[in-house]
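1. this one's sequence-less:
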């Protein structure tokens, strides 16, 4: 068991080595305890202990040792609610230890996933369609209700929607960031970030204070897939950053599932191609649950309640609204055919307006309406 005093020096060493130098960190750890490495660096003796390319970085680590207040800095980080755990410690996610180029350590706030529970990465495009939003909500909610942990990157679009739905259902969700855990990115997800700290967790292999940068996100994705038993792609374009996570998941031996979409929809082209290449096809959350928890049937009966939580004429209209906009005249005709009773245009307009205000419907191109849940 690593003592807290030693962890302070491991944290210092990890920061001093810098982002993307996992091999050097491992090499330095072989020299002795982190506090001993710190003393070597402070005395300028580190370069003679290293070889090759690592030797060139000794100067940077030596400089970091000269101005460090190791214990105080570590205690200040802890006081901010940020925890630090190495791959050598009990409590480090076991699923991560077996992946290629596994992280040496993690910073986290909130909690890390429970190794005893199944986890699924719910990922997809940032600029998602209404169909994608609806399905991300459904999968996030039903996975959480089944006791499956939802892991993602807190990105705009599918990632954030799936995580928000999981938390709303009372489940656990973890975000893996491409920055320090003390930085909320994207900024507009502050409410989700705050909820994750209380109800789930946020983790990163990057030390606090590291700003989000484009080159940090692809390595981050290997942690998302590595923490999970399966990866679910809700929507993805033909060339999408989402597919980087898929490639890493396949390298790690994780199962990959995709939600199909229309062949003419660019936001589903990546998913459709994954299915063509052999990814598992899921048509509902129950399909995925059948794979992960055979025999589980909870949550299915509440699907209608989940998506149509209102009664009366408004509830009836939500049921006939589609993700594709329909004219007011088409809706009037469909309402009569489905419910066997007529509805006047003024009454229809009033009810649709109420649905728009409540967020259940959207108005496009004048008198065309579509479902938004």
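-> Everything's here; your move. This one's a predicted model, so the numbers in the text were calculated from it and none came from an experiment. Numbers count the residues shown, from 1 in each chain.
2. Which parts of the stretch 51-200 of the chain are strands?
-> Applying DSSP state E, counting those that start in this stretch to the stretch 51-200 of the chain gives strands spanning 83-86, 105-110, 119-123, 149-152, 173-176.
3. who wins for proximity to residue 279 among those?
-> Of all the strands of the stretch 51-200 of the chain, strand 119-123 sits nearest to residue 279, with 12.7 Å by C-beta to C-beta. For the C-beta atoms, the positions are set from N, CA and C on the backbone; glycine is no exception.
4. what's that closest one packed up against?
-> With contacts taken as 3 or more C-beta pairs under 8 Å, 6 or more residues apart in numbering; DSSP states H and E, strand 119-123 sits against helix 130-145, strand 149-152, helix 158-168, helix 217-226, strand 230-233, helix 242-251.
5. for those, which one sits closest to residue 207?
-> helix 217-226 (13.7 Å).
6. For residue 273, which three-state class applies?
-> Three-state assignment for residue 273 (DSSP: H, G, I helix; E, B strand; the rest coil): helix.
7. Leaving out sequence neighbours, find the closest residue to it.
-> residue 238 (6.7 Å; C-beta to C-beta, 6 or more residues apart in numbering).
8. can I assume the one you found is in contact with residue 271?
-> No: using C-beta atoms under 8 Å, residue 238 makes no contact with residue 271, being 10.0 Å away.
9. quick one: which of the two has more around it?
-> Comparing residue 238 with residue 271 by other C-beta atoms under 10 Å, the one with more neighbours is residue 271, at 32 against 13.
10. Contacts only, for that one.
-> When contacts are counted by C-beta atoms under 8 Å, 6 or more residues apart in numbering, residue 271 is found next to 233, 234, 235, 236, 258, 259, 260, 261.
11. Can you check those and name whichever has the most neighbours?
-> Busiest of these [other C-beta under 10 Å] is residue 234, holding 34 neighbours.
12. close enough to count as contact, that residue and residue 131?
-> No: counting by C-beta under 8 Å, residue 234 does not reach residue 131; the two are 9.1 Å apart.
13. re earlier: point out the one among the strands of the stretch 51-200 of the chain that comes closest to residue 341.
-> Residue 341 lies closest to strand 119-123 among the strands of the stretch 51-200 of the chain, at 40.1 Å (C-beta to C-beta).
14. Touching the closest one from outside, list them.
-> If you take C-beta under 8 Å, 6+ apart as the criterion, strand 119-123 is touched by 95, 113, 136, 139-140, 143, 148-153, 158-159, 162-163, 166, 174, 224-225, 227-234, 242, 245, 249, 288, 292.
15. Got a PyMOL select line for the buried ones in these?
-> Command for PyMOL, covering only those of the contacts of strand 119-123 found buried under the criterion 16 or more other C-beta atoms under 10 Å:
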select buried, resi 95+113+136+139+140+143+148+149+150+151+152+153+158+159+162+163+166+174+224+225+227+228+229+230+231+232+233+234+242+245+249+288+292
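16. Residue 357: how many residues sit nearby?
-> Residues near residue 357, counting by other C-beta under 10 Å, number 9.
17. Next, it: secondary structure please.
-> Residue 357 is classified as helix under three-state DSSP.
18. Spatially central residue for the protein, please.
-> Centroid-nearest residue in the chain: residue 152, 1.1 Å away (criterion: C-alpha atoms, centre = their mean).
19. Tell me the spacing between that residue and residue 70.
-> In this view, residue 152 and residue 70 are 34 Å apart by C-beta to C-beta, to the nearest Å.
20. Residue 29 too?
-> As judged by C-beta to C-beta, residue 29 and residue 70 stand 16 Å apart.
21. what about stretch 106-116, how long is it end to end?
-> Length of stretch 106-116, first residue to last, C-alpha to C-alpha, to the nearest Å: 19 Å.
22. So what does residue 17 have for phi and psi?
-> In terms of degrees, to the nearest 10, the main-chain angles of residue 17 are phi -60, psi -40.
23. Find the nearest non-adjacent residue to it, please.
-> residue 25 (4.7 Å).
24. residue contacts, the one you found?
-> 13, 14, 17, 104.
25. How about the secondary structure of it?
-> Residue 25 - assigned by three-state DSSP - is helix.
26. Helices of the stretch 201-350 of the chain, start to end?
-> 217-226, 242-251, 269-276, 285-292, 303-307, 312-320, 328-339, 345-358 (DSSP state H, counting those that start in this stretch).
27. Pass me the low-pLDDT residue ranges in this structure, would you?
-> Low-confidence segments of the chain (pLDDT under 70): 1, 298-310, 373.
28. same thing but at 80, please
-> Applying pLDDT under 80 to the chain flags residues 1, 20, 51-56, 295-311, 323, 372-373.
29. List the residues that contact the residue nearest to the centre of the chain.
-> 121-123, 158-160, 162-163, 173-176, 224.
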